[in-house]
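Trainee: Sharing a model that was predicted from the sequence below.
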Amino acid sequence: MEKLRYSEIFYSVQGEGRFVGVPSVFFRVFGCNFNCHGFGQGRDKSKWLKPEEMPYMTQDLSHVKHVRDLPVVEIGCDASASWAARYKHLVEWDSIEDIAVKVKEYTPNNKWTNDNGSDIHFIITGGEPMLWQRETQQLLRQPEFTDLKNLTIETNLTQLFKADFQRFLQGLVAGDYTKTPVHVTWSSSPKLSISGEHWAKAIKPEVAYQYSNIPNSHLYFKFVVQDEQDIEEVEMAREEYKKAGVEADIYLMAVGATVEGQAKTSKQVADLAMQHGYKYSPRLHVDLFGNKWGT
């Protein structure tokens, strides 16, 4: 059986997007195709730190035993500890079977569906989960997920389906591997220029089209923005996805993964969402638990 590298498993409330406040078990895989070094560095690229100067390259790791001991950074990707090569020795590497057991143990009663009928959501995040489609398929086929009802995959929406993953998803949402059909939510966060990533690599309408065509699934867009300039790009992206046949809810979420960062931009972004008729997504976990991992 395959092994998979991951940075953390934890139980919390969903802090972003469509299911804010829903009790969920998070599984954060290790590895990503982006680094998003532009976040938190402003508009003037001449003042941006070079990649080799970013926190994920310069943090002192001499006394760090696990990524959960690292601070949440204010510059660059807030989840850099889940993909930067320097942290590879600070994360877990377990078999799929062991991961399945550990994940389910984080549910409050060692089951996904409670006696009162409510269910716990399972969220695969990262990094970029869709880099690990074969391993994800193996994980969700484990018996620990037979009573799962809701799965969310948090993705940057750049990875086309590989091999038989699409067929597997069609079976998952039909109930072929579980007691009841599993509803899949694609919490997609395409990266705008403020992230530092290039448009051609970040905006992939053909990927959105593939994902949105899985039956019993829901795709929404969650754009990290700062000001009106970003809204222009949101509109451009919306048009690109629409041309490909994908129209979905759009959430705006403020730049900043820390309490301090959110304080600078959240009100401004909420105003932009109201002005343009988009939905606003908070970072509820930051409001509730502050600047730390496992929330």
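Mentor: Cool, got the structure. The structure displayed is predicted, hence computed values, not measured ones. Residues are numbered from 1 along each chain as shown.
Trainee: how about the strands of this structure, start to end?
Mentor: Remark: strands assigned in the chain by DSSP state E are 3-13, 23-29, 92-95, 121-125, 150-155, 183-188, 217-225, 250-254, 279-281.
Trainee: Quick one: closest of those strands to Gly196.
Mentor: Closest approach to Gly196 among the strands of the chain (C-beta to C-beta): strand 217-225, 11.5 Å. To be clear about C-beta, it is placed using only N, CA and C from the backbone, and glycine gets the same treatment.
Trainee: got the angle for the closest one vs strand 150-155?
Mentor: 40 degrees (axes from the mean of the first three to the mean of the last three C-alpha atoms, to 10 degrees).
Trainee: before we move on, the earlier item: can you say which of the strands of the chain is nearest to Lys50?
Mentor: strand 217-225 (21.8 Å).
Trainee: related to what we said a few turns ago, quick one: the strands of the chain as TSV, columns for mean neighbour count, distance to Thr107 and mean pLDDT too.
Mentor: Output for the strands of the chain, formatted as TSV (neighbours: other C-beta atoms under 10 Å; distance: least, C-beta to C-beta, whole Å; pLDDT from 0 to 100):
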stretch	mean neighbour count	distance to Thr107	mean pLDDT
strand 3-13	18	7	96
strand 23-29	22	6	98
strand 92-95	14	18	97
strand 121-125	22	9	98
strand 150-155	22	12	98
strand 183-188	21	17	98
strand 217-225	21	22	97
strand 250-254	22	26	95
strand 279-281	19	25	96
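Trainee: With distance to Ala244 as new columns, can the ones you listed be given to me in a markdown table?
Mentor: Below are the strands of the chain laid out as a markdown table (distance: least, C-beta to C-beta, whole Å):
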| stretch | distance to Ala244 |
| --- | --- |
| strand 3-13 | 31 |
| strand 23-29 | 27 |
| strand 92-95 | 37 |
| strand 121-125 | 24 |
| strand 150-155 | 16 |
| strand 183-188 | 13 |
| strand 217-225 | 12 |
| strand 250-254 | 15 |
| strand 279-281 | 21 |
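Trainee: nearest to Cys36, of those strands?
Mentor: Short answer: strand 217-225, nearest of the strands of the chain by C-beta to C-beta, at 8.8 Å.
Trainee: So what are the sheet partners of that closest one and their directions?
Mentor: Strand pairing for strand 217-225, using DSSP bridges, gives strand 183-188 (parallel), strand 250-254 (parallel).
Trainee: Can you report phi and psi for the closest residue in space to Asp115 that isn't next to it in sequence?
Mentor: In space, and not counting its chain neighbours, Asp115 is closest to Asn109: 7.7 Å by C-beta to C-beta, 6 or more residues apart in numbering. With angles defined as degrees, to the nearest 10, Asn109 sits at phi -130, psi 30.
Trainee: count of residues packed around Asn109?
Mentor: 9 (other C-beta atoms under 10 Å).
Trainee: next one: Val73
Mentor: 21.
Trainee: how about the helices in the stretch 51-200 of the chain?
Mentor: Secondary structure of the stretch 51-200 of the chain by DSSP state H, counting those that start in this stretch: the helices cover 55-58, 96-105, 133-140, 165-174, 199-202.
Trainee: I'd like those helices written out as CSV, with mean neighbour count and mean pLDDT added.
Mentor: CSV is the format used below for those (neighbours: other C-beta atoms under 10 Å; pLDDT from 0 to 100):
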stretch, mean neighbour count, mean pLDDT
helix 55-58, 17, 92
helix 96-105, 18, 98
helix 133-140, 20, 98
helix 165-174, 18, 98
helix 199-202, 14, 97
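Trainee: Tell me which of these approaches Pro181 most closely.
Mentor: Here helix 165-174 is closest among the helices of the stretch 51-200 of the chain (C-beta to C-beta), at 5.5 Å.
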